[in-house]
Every structure is written in C-alpha cells, then in structure tokens.
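Quick check, what structure comes out for this input:
(one chain, ligands or ions: 2)
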Amino acid sequence: MVEQTDVVVIGMGPGGEHVAGRLAESGLDVVGVEAELVGGECPYWGCVPSKMMIRAANLLAEARRVPGMAGSTQVTPDWGPVATRVRDEATDDWNDQVAVDRFTGTGGRFVRGRAVLSGPGTVRVAEAEYTARRGVVIATGTRPAIPPIPGLAQTPFWTNRDAVAAKEPPASLIVLGGGAIGLELAQVFARFGTAVTVIEALDHLVPMEEPEAGELLAETLAAEGLTILTGARAAGVEHRAGTFAVRLEDGRELTAQQLLVATGRRVDVSGLGVEHAGLDPKTRALTVDGQMRAAEGLWAVGDVTGVGAFTHVAMYQAQIAIRDILGQPGPDADYRALPRVTFTDPEIGAVGLSEQAARARGLTVRTGVSQIPSSARGWIHKAGNAGFIKLVEDAERGVLVGATSAGPAGGEVLYGLAVAVHAQVPTAQLRHMIYAYPTFHRAVEDALAALNRP
Ligand SMILES: Cc1cc2nc3c(=O)[nH]c(=O)nc-3n(C[C@H](O)[C@H](O)[C@H](O)COP(=O)(O)OP(=O)(O)OC[C@H]3O[C@@H](n4cnc5c(N)ncnc54)[C@H](O)[C@@H]3O)c2cc1C
Ligand SMILES: NC(=O)c1ccc[n+]([C@@H]2O[C@H](COP(=O)([O-])OP(=O)(O)OC[C@H]3O[C@@H](n4cnc5c(N)ncnc54)[C@H](O)[C@@H]3O)[C@@H](O)[C@H]2O)c1
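Ligands and ions are numbered 1, 2, ... in the order given. As a prediction, the model looks like this:
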C-alpha cells in the first residue's frame, strides 16, 4: 500500500510534534509517525516529571531551612504524592491519547509504528508506505548512552525512565554521571532520604559548564549529605542478592540498592534508512544547515541534530523547519545565545560560551564574577543562598559572549543575560542599566563592575 502525502514526520517528540501539528494546521497533508508516545521523552520521562520531582524535593529543602530563620519544622518526606502526580498529571499513566487527539485535531494523520526511509521521499511503517511530495522530517531524538563497563549490561540498572517511574525512593542509589540528569535526580532522591553517591569520570560535575558551577554543586550536594566522587571511573558492575556493586578503577567498591546510569544520550539513526538520502547511517548526529535541511527533501530537528539536547532547541529548530517547508524565507538558526538550565538547587543557568570555550576560539576574554551571598538579596535570603554570576566578555568587541547565573533562581536570572548575549548589548550599556533592588539579578551589576578589574 503506497499513499501520497505532503510531509511525513518521523518521531513525534517536542520537535516532531510541533512540526507535524503546525504544518497540518497550515493545510498540508501530514503523516506523523511515532513508535512510542506522542510527546516524546520530555513529557513522559524527562523535563516535566523530573521537574515535578524537583519541585517536591525543593519544598522539603525549604522546609528544612525554617529552623534558624522562621521557627521549627518537622519534615516527613512522602514519595506518594510525587509518584501520583507523575502518573496523574504529567504522564496520564504514560498514555498519549490527549496528544494524539491534539495532533489529529489539526487535521494530521497519525500512525503508530517505527518508520524507516525506504527511498528518497518515501517512508515505510510496517506494511504501509508513504511518499511525501514536499519532504520528510526526522525528529527521532536520543536514547541513553550506556558505557561499556564490564558487567553493567547484565544488571537491571535504572535509566531516567525507571527513576521517573519509581513508586518509592530507593534506600541507596549510585548515580553514574554527574551531568544534568544525574545531578537533578541525585538531589531529588537524596532529599527524600536516599543515600546517594555520584560517580563522575571528569574532574568537575556538569563538566560542559564553568568549573565554578561544578565546584559549587559538589560543595552544596556534599553539604546535603551526598557522596560526590569526581575523576572516578567504574571498572566493573555486578548485581548480587538485590544489591549493585560498582568497582572503581582505584579498587574501591561501592554498593547500593539501585544504580542510575546517566552518562549522556546518543543519537542512533542506524536502521532508519538515511542512506537512501545519501547520509551516513553511522553518523553521531544528522548534520543540518541553518534551515534544518539534512539533504534534498529531508529536514531534521531536535536532539537528532546533535546541537544541544534540550526541548527549547527542538522547538526552535522546528519553527525554522516549518517555515522552510512552507517555502517562507527567514534567518538561519543562531545558537550563539543557546541557554541551558540545570535544575539543581542551586540552579545552574548558562548561556553562550564558557570562559574556556571563548578562549579556545581565540577571543580576547575578560571575565567578571560576583557572589550571590554577598549581594543584598543573597544576604537577606541567607539559608540556601549559594550561587554566583560569571560573565565572559569578548573584550575587543565589548560584548558578552557567555554567562552563568547560579543560585536560588539561576534559571530565571539567566533571562537578562541571554538577551545581552543574543542582542550583543555592549557591556558599557549594560553597566548603565538600572537593576532593581534587592533582586538576585542585581548581582549582574557587580559582575559587570568586576569585568574592569585587572
Ligand atoms: C531526565 C531528563 C530530563 C530532561 N530535562 C530537560 C529540561 O528540563 N529542559 C530541556 O530543555 N530538556 C530536558 N531534557 C531533554 C529533552 O527531553 C529533549 O531534548 C527533548 O525531548 C528532545 O526532543 P526531540 O523531539 O528531539 O526527541 P525525543 O523527545 O527523544 O522524541 C523522539 C521521538 O521519536 C520517536 N522515534 C524514534 N525513532 C523512531 C522511528 N524510527 N519511528 C517512529 N518514531 C521514532 C521516539 O519514540 C520518540 O518519541 C531532559 C531529558 C531527560 C532524559
Ligand atoms: N535541565 C535540563 O535542561 C536537562 C536535564 C536533564 C537532561 N538534559 C539533557 O539531556 C542530556 C543528557 O543528560 P545526561 O546528564 O545524561 O548527560 P550529560 O552529557 O549532561 O552528562 C553526562 C555525564 O556523565 C559523565 N560520564 C560519561 N561517561 C561516564 C562514565 N563511564 N563514568 C562516569 N561518568 C561518566 C560525563 O562526563 C558527563 O558529566 C543533557 O546533556 C541535556 O542536554 C537537560
């Protein structure tokens, strides 16, 4: 059976769902194919449920800060409301009917199944074949990257999916990987009473961000009772009598009830038939141009492009692809001010280049740092006020090319800094702005002043 259509979208995560829905609303005949759940990783196993878990864990932490600030509290954590909220409010018990209806409500045709490209502009799903007049959009996302540690594959380790679906917190947890997933979930479970050990192979937590961010997180997480091991590598994993044993390269052995593997995500397009479009099926990511074109009649958006595994990147790229497919001209994608937020407490907001990345590009770099506890708002806030602002300036042009805002509202404070990097607002002009007193973002003014100091 071969059917004609305008566009086939493969993968209906945040990127694909947006492209498919908008194109269908615009009047095109769109076939949207999804192997699992419409909505993808973000609403069912990623951003949304993890942020609900974080909200609950942060409430516990705030309640524990009451002594010495506002009286006394007795905090009794209960995972029950968290597990219920993840099921009832975030995921509909991992049922995507609402999302499917939303898409078909736009006029799109939904097909559940695993799609492969079977020729240029042709997509096969089981017995059905679709030929796309305008083109095909690949938005197949990522899956967890599982390191080849001896023994690991034979154990029932957790990925983010198991952690999000947990009906109760484990008594003890080893987290492999000190990046965004590992640290967000490590802190959540620790705040609910789990004894957590984080193993990070590199020298800093969140190693893609400024080293100051990793140091701050290592300090604050250790102060909360987590064991943080950086520069540590697992040499072997076993699962005996319901317990995980992780042997480190230095000979130490750690044991825990659960093991969460959060060592990054990987693109896997082998088996997708991209060779029919002249692309390498072994590629680490689908390379796209500024209009999200991967080949003639083929667009790609989201994690599969390898630009940054964030929902906001998938949505941004989707908007560009939608416009291009509709034949409307517009600017190329611009990632200079790509924002990212690690929703630990303190939150780590970051935009653009780190100091090291800016230097590696050969820029003449000046940095300015200010500490949140030394700002008026940070001092008033007291318990839970750890954080800093770090600015990275291209000194020759006098504009910010990167910034980090770590602190109680680091993700929100980031907004102004993202505007500054995106719009290339001269730092001289930023210095003559009025910063409301006493806000956390007022610490940006102190960091700007610090740019001038030798
Ligand atoms: C625990 C966790 C927390 C996160 N938190 C955040 C956050 O706070 N903020 C943020 O911005 N990002 C966050 N992310 C990242 C975010 O989830 C991803 O960047 C986003 O989901 C990527 O969207 P996507 O459309 O590219 O792919 P995905 O969401 O991965 O969707 C791809 C879809 O394609 C389907 N598919 C794959 N192959 C085929 C095929 N051959 N045929 C049919 N369907 C196929 C898959 O089943 C999947 O549903 C988090 C991720 C995780 C794991
Ligand atoms: N708040 C957010 O926006 C958010 C939250 C979660 C995930 N995400 C997205 O999902 C992506 C994947 O998250 P992630 O945390 O899995 O990946 P990550 O790349 O952010 O972090 C993985 C960490 O694991 C370490 N690592 C790799 N192999 C290891 C090993 N064998 N032993 C010990 N450590 C090892 C890496 O050095 C790195 O620090 C993120 O990069 C991000 O784009 C975003």
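
May I have the predicted confidence score for the closest residue to I181 other than its chain neighbours?
Closest residue to I181 apart from its sequence neighbours, by Cβ to Cβ, 6 or more residues apart in numbering: A262 at 4.0 Å. In this view, the C-beta of every residue, glycine as well, is placed from N, C-alpha and C. A262 is assigned 98 on the pLDDT scale.

How about W94?
We have a pLDDT of 98 for W94.

How many residues are close by the nearest residue to it once chain neighbours are set aside?
The shortest distance from W94 to any non-neighbouring residue, by Cβ to Cβ, 6+ apart, is to Y44 (5.7 Å). Applying other Cβ atoms under 10 Å, we find 25 residues neighbouring Y44.

do the same with A63
By other Cβ under 10 Å, neighbour count at A63 equals 14.

near ligand 1, which residues of the stretch 151-300 of the chain show up?
Proximity of the stretch 151-300 of the chain to ligand 1, by Cβ under 6 Å from any ligand atom, involves residues N160, I181, L272.

out of the residues you listed, which are buried?
Buried members of those, counted by 16 or more other Cβ atoms under 10 Å: N160, I181, L272.

Burial check on W79, number of neighbours?
18.

residues touching it, list them.
Contacts for W79 (Cβ atoms under 8 Å, 6 or more residues apart in numbering) come out as A166, K167, E168, P169, F192.

Of those residues, just the buried ones, ChimeraX syntax please.
When burial is assessed using 16+ other Cβ under 10 Å, the buried subset of the contacts of W79 is captured in ChimeraX by this command:
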select :166,169,192
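
what's the closest of the contacts of W79 to G151?
G151 lies nearest to A166 out of these, by Cβ to Cβ, at 23.0 Å.

E393: helix or strand, and which one exactly?
Assigned by DSSP states H and E, E393 belongs to strand 388-394.

ok, now Q74?
Using DSSP H and E, Q74 is not contained in any helix or strand.

Repeat that for the one 10 residues further on.
Here T84 sits within helix 80-85, counting by DSSP H and E.

so where is this protein shaky, pLDDT-wise?
When residues are selected by pLDDT under 70, those of the chain lie in 454.

can you pull the contacts of the nearest residue to G13 once chain neighbours are set aside?
Spatial nearest neighbour of G13, excluding adjacent residues (Cβ to Cβ, 6+ apart): G40 at 2.2 Å. By Cβ under 8 Å, 6+ apart, the contact set of G40 is G11, M12, G13, P14, G15, G16, E17, G46, G141.

What segments of the stretch 51-200 of the chain are helices?
80-85, 97-105, 160-164, 180-191 (DSSP state H, counting those that start in this stretch).

What distance do you get for the residue of the stretch 1-150 of the chain found nearest ligand 2 to R284?
Nearest residue of the stretch 1-150 of the chain to ligand 2, counting by Cβ to the nearest ligand atom: P147, 3.8 Å away. In this structure, P147 and R284 are 16 Å apart, going by Cβ to Cβ, to the nearest Å.

higher neighbour count, those two?
Neighbours were counted for P147 and for R284 using other Cβ under 10 Å; P147 has more, 15 against 11.

can you give me the strands in the stretch 51-200 of the chain?
Using DSSP state E, counting those that start in this stretch, the strands of the stretch 51-200 of the chain run over 109-112, 115-119, 122-125, 128-138, 143-144, 172-176, 195-200.

partner strands of the last one, parallel or antiparallel?
On the basis of DSSP bridges, the sheet neighbours of strand 195-200 come out as strand 172-176 (parallel), strand 227-230 (parallel).

what's the angle from that strand to helix 180-191?
Using axes from the mean of the first three to the mean of the last three Cα atoms, to 10 degrees, the direction of strand 195-200 lies 160 degrees away from that of helix 180-191.

Same check on the second one?
Relative orientation of strand 115-119 with respect to helix 180-191: 170 degrees, computed using the same axes, to 10 degrees.

Give the buried residues for strand 115-119.
For strand 115-119, a neighbour-count test (16+ other Cβ under 10 Å) marks A115, V116, L117, S118 as buried.

quick one, what contacts the residue lying closest to the second one once chain neighbours are set aside?
The shortest distance from V116 to any residue other than its chain neighbours is 4.2 Å, reached at G273 (Cβ to Cβ, 6+ apart). With contacts taken as Cβ under 8 Å, 6+ apart, G273 has the following neighbours: V116, L117, S118, R124, P281.

A186 now?
With contacts defined as Cβ under 8 Å, 6+ apart, the neighbours of A186 are L173, V175, V196, V198, L221, L226, L260.

do the same with V82
M52, M53, A56, F192 are the contacts of V82 under Cβ under 8 Å, 6+ apart.

How about the contacts made by the third one?
Under the criterion of Cβ under 8 Å, 6+ apart, the contact list for A56 reads P81, V82, R85, V188, F192.

at 10 Å what do you get?
Neighbouring residues of A56 by Cβ atoms under 10 Å, 6 or more residues apart in numbering: P77, D78, W79, P81, V82, R85, V86, V188, R191, F192.

can you check the second one too?
Contacts for M53 were tallied using Cβ under 10 Å, 6+ apart; they are 79, 82-83, 85-86, 90, 163-164, 166, 169, 184-185, 187-189, 191-192, 343.

quick revisit: out of the contacts of G273, which two sit at the greatest distance?
For those, and using Cβ to Cβ, no pair is farther apart than R124 and P281, which are 15.5 Å apart.

And the two? Which one has more around it.
R124 (18 against 13).

What residues are bridge-paired with that one?
Beta-bridge partners, per DSSP bridges, of R124: V116, E129.

quick one: it from V301, how far?
Per Cβ to Cβ, R124 is found 21 Å from V301.

Please parse the chain into its domains.
Domain ranges of the chain: 2-39+96-141+267-325, 152-263, 339-450, per automatic domain parsing.

Contacts only, for the residue nearest to L37 when sequence neighbours are not counted.
Distances taken as Cβ to Cβ, 6+ apart place D96 nearest to L37, at 4.1 Å, with adjacent residues excluded. By Cβ under 10 Å, 6+ apart, D96 lies in contact with 12, 17, 34, 36-40, 43-44, 102-103, 110, 112.

which of the residues you listed tops the neighbour count?
Counting by other Cβ under 10 Å, top hit in these: M12 with 32 neighbours.

What are the neighbouring residues in contact with that one?
Contact analysis of M12 by Cβ under 10 Å, 6+ apart lists 18-21, 32-40, 96, 99-100, 103, 108, 110-112, 139-141.

okay, now Q328: neighbour count?
8.

Please identify which helix or strand holds it.
For Q328, there is no enclosing helix or strand under DSSP H and E.

my guess is it contacts I322, does it?
Yes - judged on Cβ atoms under 10 Å, Q328 makes contact with I322 at a distance of 8.7 Å.

And the contacts of G273, which is closest to A314?
L117 (20.1 Å).

Now the stretch 201-350 of the chain against ligand 1: closest residue?
Minimum separation of the stretch 201-350 of the chain from ligand 1 (Cβ to the nearest ligand atom) falls at G302, amounting to 2.2 Å.

what about that residue, how many residues close to it?
For G302, the tally of surrounding residues (other Cβ under 10 Å) stands at 38.
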